[in-house]
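**Q** Provided below are the primary sequence and the corresponding predicted coordinates.
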Amino acid sequence: MVGTALAGSALPAWADGDDATGLRINQLHLETRMGFEGDWLKGKTQHDQTGFKGQYLNLRFDGQITKGLTFSYRQRLNKNTDQTFWDATDWLHLDYKPTKHWELSAGKQVVWIGGYEYDRAPIDLYQCSEYWQHIPCYQLGFSGAYIFNPDHKLLIQMTNSPFRAWAGNNTYAFNLIWYGRVGWWESIWSTNMMEYARGKWINYIALGNKFNITDGLHAEVDLVNRASSHQTFFFRDFSVIGELSYAPHESVRTFAKYSFDQNLTHTNADLLVAQGVKMQMAAMGIEVNPIKKYREGIRLFASAGYSWGQNPPASAVWHNHEWKMDVGVKWRLDVLDAAERIVRKIKK
């Protein structure tokens, strides 16, 4: 769910108000990522893609209106759009939980598609698959979830089609997703039906698997198979993404990543990985959180990826014999925590 995961801050006492069951703010974060990006295609520097860049500037705001009714809002302040401010809103939805097992949500949401690369916040990702680079993952709609227990959750959703920029309005997506955990194995599996043109559908089976080998060693393997009415065979139009991460210390995370995107069909149903694509990518990187007291406050990172294969579309992100690197810093300001500290100083 493209990055809905974001560690919540402890609720400052002053945010509770007089009624702990009423209106309150749970978290308010401002985060950004910036640094140097390099791009070399067959040994030649891609000047338009090389230089110092600010990649993300996000505002995240979560709270409670009354007991059982909450809201969540994330705005991409730097997102390029030729449409409206609303198009740069990642999500803005109300969530109602009448019981511990049922949850309803409405508003602009993440389109629920399985897989761990898709699920992680974009600001926390480096060197992503061709499939991930193109998918529009935030749409208006509604959803309902049944929570079996803390380890298993089933969710059904209807939204505007992620492909409405191509297909036009009055096109939709229907999504069924399961979040599970059994021992050291976790899953984000989905099946999806999405209109890529009015009345024409592409179907996904997206299987995200995470293996918690040790406390510091984790492996993620995603398989996304795409099929339409003219092409239903497995492994003709698909993406495989794998990542192995190791944390030798609580302040350090290293990772190695691989992706393979392929479309050997003869239809135009797949608007993300086009006909004729057969592209592989391998990458590695490191993240360092140097401030012990605020592990999520500052993150230094460096990553590099190399791609090979064929990727004919003009919109392709990865090309044959291309190197990309990314070095920089991510910082995250907990506005509530900072405000609480200011209030305490004033009171002193």
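**A** In hand now; what should we look at? Residues are numbered from 1 along each chain as shown.

**Q** and residue 340, which of the three is it?
**A** For residue 340, the secondary-structure state derived from DSSP: H, G, I helix; E, B strand; the rest coil is helix.

**Q** distance of it from residue 334?
**A** Residue 340 is 9 Å from residue 334, where distance means CB to CB, to the nearest Å. Bear in mind the C-beta positions are built from the backbone N, C-alpha and C, glycine included.

**Q** Show me which strand runs longest in this structure.
**A** In the chain, taking DSSP state E as the definition, the longest strand is strand 24-41.

**Q** Mind giving me the packing neighbours of it?
**A** strand 51-66, strand 322-334, helix 335-347 (3 or more CB pairs under 8 Å, 6 or more residues apart in numbering; DSSP states H and E).

**Q** Compare residue 340 and residue 334 and say which one has the larger neighbour count.
**A** Taking neighbours as other CB atoms under 10 Å, residue 340 and residue 334 compare with residue 334 leading, 22 against 18.

**Q** Could I get the full set of helices for this structure?
**A** 116-119, 130-134, 164-167, 335-347 (DSSP state H).

**Q** I'd like the ones you listed as JSON lines, with mean pLDDT and distance to residue 30 appended.
**A** Compiled in JSON lines, the helices of the chain are given as follows (pLDDT from 0 to 100; distance: least, CB to CB, whole Å):
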{"stretch": "helix 116-119", "mean pLDDT": "97", "distance to residue 30": "22"}
{"stretch": "helix 130-134", "mean pLDDT": "96", "distance to residue 30": "25"}
{"stretch": "helix 164-167", "mean pLDDT": "92", "distance to residue 30": "28"}
{"stretch": "helix 335-347", "mean pLDDT": "79", "distance to residue 30": "6"}
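
**Q** what's the closest of those to residue 196?
**A** Shortest distance between residue 196 and the helices of the chain, using CB to CB, is found for helix 164-167: 5.9 Å.

**Q** for the closest one, packing partners?
**A** Packed against helix 164-167, as judged by 3+ CB pairs under 8 Å, 6+ apart, are the following elements: strand 185-197.

**Q** picking up where we left off before, in the longest strand of the chain, what counts as buried?
**A** 24-33, 35, 37, 39-41 (16 or more other CB atoms under 10 Å).

**Q** Cool, thanks, signing off.
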